[in-house]
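*Asks:* Here you go, sequence then predicted model.
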Amino acid sequence: MVVFVLLLVFMTMPTHGHGIGLDMPKVSHPVSMPGALREDAMQVAIMRDGYVYFGADRVKSQDIPSVIVDRMKDKSIERKVYIRADARAQWGTVKIVLDGVRAAGILRVAFMVDSRRSPIR
């Protein structure tokens, strides 16, 4: 019974989408990015409905440059932004965010993806 309850709890926990499921693009050969797991990593989430989150805070996509510049005042922060975009997010929103990241002076950008499961042969 305890195992069933734990399984139910873990299955219903929200994924990285701030309480909303984020359907990440799937690729066959993803590259591990352990820097994205750092507590102080600059992460931007783009939801399928167009909402943008910087870390846990919802921001307007046009405000991304100023938010990043404020965050970069801390010299210990890695100068890299990790973007987690829903697979069904509109390209226009992703482009605005990417342009904002570049406008803030960040040249190192990583798009987070999930691994595509290959069928067992």
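*Replies:* Ah, there it is.

*Asks:* quick one: buried residues of stretch 50-65?
*Replies:* For stretch 50-65, the neighbour count (16 or more other CB atoms under 10 Å) marks 51-55, 59, 61, 64-65 as buried. Quick note: C-beta positions are derived from backbone N, CA and C, even for glycine.

*Asks:* Pro34: which of these is nearest?
*Replies:* Nearest to Pro34 out of the buried residues of stretch 50-65 is Gly55 (CB to CB; 17.9 Å).

*Asks:* ok, back up a step: can you tell me which of the buried residues of stretch 50-65 are in strands?
*Replies:* When DSSP state E is applied, these are split such that 52-54, 59 fall in strands.

*Asks:* The nearest residue in space to Phe54 that is not next to it in sequence and Val27, how far apart?
*Replies:* If the residues on either side of it in the chain are set aside, Phe54 comes closest to Val67, at 5.0 Å by CB to CB, 6 or more residues apart in numbering. Distance, Val67 to Val27, using CB to CB, to the nearest Å: 28 Å.

*Asks:* Quick check on the two: which one has the bigger neighbour count.
*Replies:* Neighbours per residue (other CB atoms under 10 Å) separate Val67 from Val27, with Val67 holding more: 19 against 12.

*Asks:* Much appreciated, bye for now.
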